[in-house]
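S.K.: Need the 3D shape of this:
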Amino acid sequence: PTPSAPAIRIFNNLALTEECTIRQYDAPVAFLNATPSKDTVCLPIPGYKVLDGQGRPMYPRLKKSLYGSVEASARWHEVLTDFFRAIGFTQMIHEPTCFIHKEKKIGVLIYVDDLEIAYKNIEDKDWLEEKMIDAFDMKLEGGLNNYLGVRYTKTEAGYFADQEERIINLAERLNVADPKHISNSPYQNVKNFNTATLTRDPKEIQKLSETYRFELPQIIGELLYIAKASRPDISVAVSIVASHIAYASAEVFRATLQIVRYLYSNKKLGMHITADTSITGVRAWVDASYMSNKDAHGYSRYGYVIMSGDTIIDWKTSHLPKSSSSTTAAEYHALALCAIETVHVSDVYKEMKEALTGIKTTLDVQLGINTETDDKIHIYEDNKPAVAAAYSNKGSTLQTRQMAARFWQLQELVAKGILSIDHIPGEKQIADFFTKRMQPGKFKNLRQFFVRTIEDIYPRIQEEIKEKKGTDQVGELELGDRWGNEDIPAG
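M.R.: Sure thing, here's the model as predicted:
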């Protein structure tokens, strides 16, 4: 198992909240620490042949797991699980890749052979390091810096996460790294693709790949990773082109290039992960756009964003799995899907966290949300009938069994006091960002809630660096140099 992107953000968010220091580690030749669960034989090494007494070839039997074998990753995780349990760690139920030592207040998050460790006391960190080095020859990589393809820069309040280097490399490969070309929107236009020009013919799509000099699935795969790791602002645009990998046109290829141009023009944008000083816990915003692509299909696009304090934990944009008969039906269906994921994220969050502190966040002030203490998960929806339906008991009026199942599922969560569905004015519905293509002006206004540059968040950092260097030219890595990789607790 590997942790999800939301689990990684929750871990970092709560580590900062508890004023822990975060370090990262790597386990060299990790899989060789595990043994196969059953006898596994393989072909002999080329040039190395052994015969038995009767002249028949003999095959080697594996004593250790090898990279690429079916169960290697799972067996390695079992070894780590046994190791951490043996030294007093508790494995989380909702996130089995996370282990917490409740007495020493040390948290461990495992992504195959890459580990994050959050700790309060250096003595406890040294104790754990010594045991990991003895057991696995663990490599120490210092403070959280570059983890799973995301660069982390330490700030006064937490970490700034971005993928500037990956974006530059992608733009250079596609020959769109032109600093003179400034793009303020990932959308080529706000209209849907012309269905008359779309083709499923593999030969035609291959011709387009040769014309534009890139393979569509490969580039879209990389864009999907960037969108999910650190750039929610391209989620809708990437989702649109991703649905046309096997049903493409020249317009789809140009739209893909436009996303990369936008990323390159805004390569310094990223997310800020901070301590959760709020009293609200996990919250979510959800919205749906009724039949946003009615020329191609009857499914409505929906989107949601889940936050802890001012840190974005998770977001999604997709089409509903079935057509909706009205805007309210689409909004309610989206609300039910959002509730399922939000409850799961909240379960992970609550299990990792022992206590919350209560200071109103900047975002709450901007959006005018009441932050009185309660234990409910608040989901903000701008459709009043959908909000009313969540508190209604008239599930029998729903048209299909599928919608009835969603209705009663949400009803149960509301009735048990787990969820609170709150109405929010449409102009303050930030989840609208994930439901449709937008004009550049509106897009930029909503984008500030999700991604900003480190200079926007901490303008004085840039000024201090310029003063220190005595020049107006600031290198790409110098923002990281402002804090370095040493262990700096949050706050």
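S.K.: doesn't residue 344 make contact with residue 377?
M.R.: No - using Cβ atoms under 8 Å, residue 377 makes no contact with residue 344, being 10.6 Å away. Heads up, the C-betas are built off the backbone N, CA and C, glycines and all.
S.K.: what about the helices in the stretch 251-400 of the chain?
M.R.: Using DSSP state H, counting those that start in this stretch, the helices assigned to the stretch 251-400 of the chain run over residues 327-352, 362-367, 384-390.
S.K.: swap in the stretch 51-200 of the chain?
M.R.: Applying DSSP H, counting those that start in this stretch to the stretch 51-200 of the chain gives helices spanning 72-86, 122-136, 164-173.
S.K.: what's the last one packed up against?
M.R.: When you say that, I think you mean helix 164-173. helix 216-229, helix 250-265 (3 or more Cβ pairs under 8 Å, 6 or more residues apart in numbering; DSSP states H and E).
S.K.: Would you mind listing where the stretch 251-400 of the chain has pLDDT under the threshold?
M.R.: 277-280, 293-296, 354-374, 394-400 (pLDDT under 70).
S.K.: try 80
M.R.: 276-281, 291-298, 354-375, 392-400 (pLDDT under 80).
S.K.: Kindly compare burial across the helices of the stretch 251-400 of the chain and name the winner.
M.R.: Most buried of the helices of the stretch 251-400 of the chain by mean neighbour count (mean count of other Cβ atoms under 10 Å) is helix 327-352; its value is a mean of 22.
S.K.: roughly how far out does that one sit from the chain middle?
M.R.: For helix 327-352, the distance from its own C-alpha centre to the chain's C-alpha centre is 16 Å (Cα atoms, centre = their mean, to the nearest Å).
S.K.: can you map out the strands along the stretch 151-300 of the chain?
M.R.: Assigned by DSSP state E, counting those that start in this stretch, the strands in the stretch 151-300 of the chain fall at 158-162, 269-274, 282-289.
S.K.: helices or strands up against the second one?
M.R.: I take that to be strand 269-274. Using 3+ Cβ pairs under 8 Å, 6+ apart as the test, strand 269-274 ends up in contact with helix 5-17, strand 158-162, strand 311-319, strand 452-453.
S.K.: Let me have these in TSV, extended by mean neighbour count and distance to residue 287.
M.R.: TSV is the format used below for the helices and strands packed on strand 269-274 (neighbours: other Cβ atoms under 10 Å; distance: least, Cβ to Cβ, whole Å):
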stretch	mean neighbour count	distance to residue 287
helix 5-17	24	19
strand 158-162	25	25
strand 311-319	22	10
strand 452-453	17	22
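S.K.: could I get those as a markdown table with distance to residue 230?
M.R.: Formatted as a markdown table, the helices and strands packed on strand 269-274 follow (distance: least, Cβ to Cβ, whole Å):
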| stretch | distance to residue 230 |
| --- | --- |
| helix 5-17 | 9 |
| strand 158-162 | 5 |
| strand 311-319 | 10 |
| strand 452-453 | 12 |
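S.K.: Show me the one of the ones you listed that comes nearest residue 300.
M.R.: With Cβ to Cβ, the closest approach to residue 300 among the helices and strands packed on strand 269-274 belongs to strand 311-319: 6.8 Å.
S.K.: quick one on the thing from earlier: pick the most deeply packed of the strands of the stretch 151-300 of the chain.
M.R.: The most buried one of the strands of the stretch 151-300 of the chain (mean count of other Cβ under 10 Å) is strand 282-289, showing a mean of 27.
S.K.: That strand vs helix 5-17, what angle?
M.R.: Counting by axes from the mean of the first three to the mean of the last three Cα atoms, to 10 degrees, strand 282-289 lies at 140 degrees to helix 5-17.
S.K.: and strand 282-289, how far out from the chain's middle?
M.R.: Computed by Cα atoms, centre = their mean, the chain-centroid distance of strand 282-289 equals 16 Å.
S.K.: I'd like to know how far residue 409 sits from residue 333.
M.R.: Residue 409 sits 11 Å away from residue 333, going by Cβ to Cβ, to the nearest Å.
S.K.: hmm, I was thinking of residue 234
M.R.: For residue 234, the distance to residue 333 (Cβ to Cβ) stands at 25 Å.
S.K.: circling back to that earlier point, export the helices of the stretch 51-200 of the chain to JSON lines and append columns for mean neighbour count.
M.R.: Compiled in JSON lines, those are given as follows (neighbours: other Cβ atoms under 10 Å):
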{"stretch": "helix 72-86", "mean neighbour count": "17"}
{"stretch": "helix 122-136", "mean neighbour count": "15"}
{"stretch": "helix 164-173", "mean neighbour count": "17"}
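S.K.: returning to that earlier point: nearest to residue 251, out of the helices of the stretch 251-400 of the chain?
M.R.: Nearest of the helices of the stretch 251-400 of the chain to residue 251, taken as Cβ to Cβ: helix 327-352 at 26.5 Å.
S.K.: and that closest one, what other elements does it pack with?
M.R.: Judged by 3+ Cβ pairs under 8 Å, 6+ apart, the packing partners of helix 327-352 are helix 5-17, strand 282-289, strand 301-308, strand 311-319, strand 377-381, helix 384-390, helix 401-415, strand 419-423.
S.K.: and these as CSV, adding distance to residue 238?
M.R.: Formatted as CSV, the helices and strands packed on helix 327-352 follow (distance: least, Cβ to Cβ, whole Å):
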stretch, distance to residue 238
helix 5-17, 15
strand 282-289, 17
strand 301-308, 13
strand 311-319, 9
strand 377-381, 25
helix 384-390, 27
helix 401-415, 27
strand 419-423, 29
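S.K.: closest to residue 452 out of those?
M.R.: Here strand 311-319 is closest among the helices and strands packed on helix 327-352 (Cβ to Cβ), at 11.5 Å.
S.K.: In its sheet, which strands sit next to the closest one, and in what direction?
M.R.: The strands beside strand 311-319 in its sheet (DSSP bridges) come out as strand 301-308 (antiparallel).
S.K.: Off-centre distance for the strand it pairs with?
M.R.: Mean-position distance between strand 301-308 and its chain equals 12 Å (Cα atoms, centre = their mean).
S.K.: before we move on, what about stretch 82-94?
M.R.: Centre-to-centre, stretch 82-94 and its host chain are 25 Å apart (Cα atoms, centre = their mean).
S.K.: Also stretch 252-261?
M.R.: 22 Å.
S.K.: What of stretch 309-324?
M.R.: For stretch 309-324, the distance to the chain centre is 12 Å (Cα atoms, centre = their mean).
S.K.: repeat for stretch 67-79
M.R.: Chain-centre distance of stretch 67-79: 24 Å, with Cα atoms, centre = their mean.
S.K.: same deal with stretch 151-168?
M.R.: With Cα atoms, centre = their mean as the basis, stretch 151-168 stands 14 Å off its chain's centre.
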